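Visitor: output the structure for:
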Amino acid sequence: MQRLGDAGGHGHARTRDGAGLLEVFPGAGDALAWLEADTFADPVFPRQISATSAAVSDLPADDRLRPLLASWQLPVSDALVETAEGDAHRALGKLTQRLTGPLKGVLQERALWRPGDPSAPRMHVTLDSGSRAWVGAAPLRHSSAFPGGIPRLRRLGGAPSRSALKLEEGLRWLVGESQRYLELRSGMTAADLGAAPGGWTWVLRQWGLGVFAVDNGALAPGLRADPDVVHVRADAFTWEPPRPLDWLVCDLVDKPARVVELMARWLRRGWARQALFNLKLPMRRRWAAVQDAERRFQRTLGAEAGRFGLRMRHLYHDREEVTAYAAPTSRN
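Guide: Numbering: from 1, shown residues only. The predicted structure is shown next:
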């Protein structure tokens, strides 16, 4: 709602306990136009976003799609059937999979299927139950190609901890599928602050980076034996790299204010070109904590504030935290 207000709009929101779903009702204007104008660009907590019409109820079990799409006339470049992540919708997962192929078939029948057209939006059919759904759309730049905005990553074989999935998802979302192949190359160097047991260090090594793994705790045996991993037993808040590095990553369990200021100091001093890190959020006032982190990041950068952008997102493999990516503004 703050994004809507900042753009000069107004409206109200509605939630339901256990649904994992937020409905925002703009008080004026077309909902898709608000998305196309980047009003809700780069959200922190929503994983998927679309502009929808009113929910359609009493959909017949033998043909849900045709009555749902009866008045739809907008050509689309892609189409998803999805549902919210909350407990109330968990049982709908298999139904979303069964409807995805038929949905594209109906769109083809009506000459509304335009795959590869970057100007056409992505359709989102969001199931609320087996007989009730919303149909909507979102610009491709604001919409995830994964149903529900969740990339289903499998446990990375050989990774010493599940935290490796957090870094892998963060690189996909925040750096980008194509850009990460340019930003993570063999021969680059990185520091992993709070590394033990080494999940994030392990991911960086898969990309060929040499890593300073900074932690007083022990690393996994495979990383201890890796000649391109330097285990530094030191305090992550006081250690200084021996030379400028390409990357800084950090998954420290500490106050978000301390961590974001540490990241900004590294960038301000030129110790790393870019940083990807997690911020552990308080149980309450999480949005306020995110806003405070943004302000502290810019304030700590000082004269260098214009050189770096900061993006944050609550990822599927995160828990009570957000993942942040700080990079030169030319790349954000």
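Visitor: from Thr96, how far out is the residue lying farthest from the centre of the chain?
Guide: Distance from the C-alpha centroid of the chain, by CA atoms, centre = their mean, peaks at Asp62 (35.4 Å). According to CB to CB, to the nearest Å, Asp62 stands 17 Å off from Thr96. Any C-beta I mention is one placed from the backbone N, CA and C, and that applies to glycine too.
Visitor: same deal with Gly86?
Guide: 14 Å.
Visitor: for Tyr325, same thing?
Guide: Look at Tyr325 and Thr96: by CB to CB, they are 29 Å apart.
Visitor: swap in Arg180?
Guide: 28 Å.
Visitor: again, but for Arg185
Guide: 37 Å.
Visitor: do you have the helices of the stretch 151-300 of the chain handy? List them.
Guide: Taking DSSP state H, counting those that start in this stretch, the helices of the stretch 151-300 of the chain run over residues 163-170, 180-183, 199-206, 221-224, 256-268, 286-301.
Visitor: output the fourth one in CSV with nothing but the alpha carbons.
Guide: What that stands for is helix 221-224. Taking Å, rounded to 0.1, in the frame of the first residue of the first chain, the C-alpha atoms of helix 221-224 are listed here in CSV:
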residue,chain,number,x,y,z
PRO,A,221,35.9,-31.4,5.2
GLY,A,222,35.7,-30.9,1.4
LEU,A,223,36.1,-27.2,1.7
ARG,A,224,39.0,-27.5,4.2
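Visitor: buried residues in that helix?
Guide: Buried residues in helix 221-224, counted by 16 or more other CB atoms under 10 Å: Leu223.
Visitor: tell me the gap between that helix and the middle of its chain.
Guide: 30 Å (CA atoms, centre = their mean, to the nearest Å).
Visitor: contacts for it, please.
Guide: Contact with helix 221-224 is made by Gly158, Pro160, Gly198, Thr201, Trp202, Arg205, Ala213, Ala218, Val229, His231, as judged by CB atoms under 8 Å, 6 or more residues apart in numbering.
Visitor: again with the fifth one
Guide: Counting contacts by CB under 8 Å, 6+ apart, the residues outside helix 256-268 that touch it are 193, 236-237, 248, 250, 252, 272, 274-275, 277-281, 289, 292-293, 296-298, 300-302, 304, 308, 324, 326.
Visitor: swap in the last one?
Guide: Counting by CB under 8 Å, 6+ apart, helix 286-301 makes contact with 2, 44-45, 256-257, 260-261, 263-265, 267-268, 279, 281-282, 305, 307-308, 310, 312, 322, 324, 326, all of which sit outside it.
Visitor: backbone phi and psi for Ala326, please?
Guide: phi -120, psi 130 (degrees, to the nearest 10).
Visitor: pretty sure it is touching Phe308, no?
Guide: Yes: if you go by CB atoms under 8 Å, Ala326 and Phe308 touch, sitting 5.4 Å apart.
Visitor: higher neighbour count, those two?
Guide: Ala326 (25 against 22; other CB atoms under 10 Å).
Visitor: against Ala293, how distant is that one?
Guide: For Ala326 relative to Ala293 (CB to CB), the value is 11 Å.
Visitor: and if you look at Phe146?
Guide: In terms of CB to CB, Phe146 sits 26 Å off from Ala293.
Visitor: that older thread, which one's more surrounded, Arg185 and Thr96?
Guide: Neighbours were counted for Arg185 and for Thr96 using other CB under 10 Å; Thr96 has more, 20 against 12.
Visitor: for the strand or helix carrying that one, buried residues please.
Guide: Per DSSP states H and E: Thr96 is located in helix 93-109. Buried residues in helix 93-109, defined by neighbour count with 16+ other CB under 10 Å: Leu95, Thr96, Leu99, Thr100, Leu103, Lys104, Val106, Leu107.
Visitor: for it, output the C-alpha coordinates as CSV.
Guide: Provided in CSV are the C-alpha atoms of helix 93-109 (Å, rounded to 0.1, in the frame of the first residue of the first chain):
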residue,chain,number,x,y,z
GLY,A,93,-0.9,-27.8,-6.2
LYS,A,94,-1.8,-30.8,-8.4
LEU,A,95,-4.8,-29.0,-9.9
THR,A,96,-2.7,-26.1,-11.0
GLN,A,97,-0.4,-28.5,-12.9
ARG,A,98,-3.3,-30.2,-14.6
LEU,A,99,-4.8,-26.9,-15.8
THR,A,100,-1.6,-25.3,-17.2
GLY,A,101,-1.6,-27.2,-20.6
PRO,A,102,-5.3,-26.8,-21.2
LEU,A,103,-5.1,-23.1,-20.4
LYS,A,104,-2.6,-22.5,-23.2
GLY,A,105,-4.8,-24.5,-25.5
VAL,A,106,-7.8,-22.3,-24.8
LEU,A,107,-5.7,-19.2,-25.5
GLN,A,108,-4.5,-20.7,-28.8
GLU,A,109,-8.1,-21.4,-29.8
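Visitor: so how far is it off the chain centroid?
Guide: 25 Å.
Visitor: for the record, mean pLDDT for that helix?
Guide: Mean per-residue pLDDT for helix 93-109: 94.
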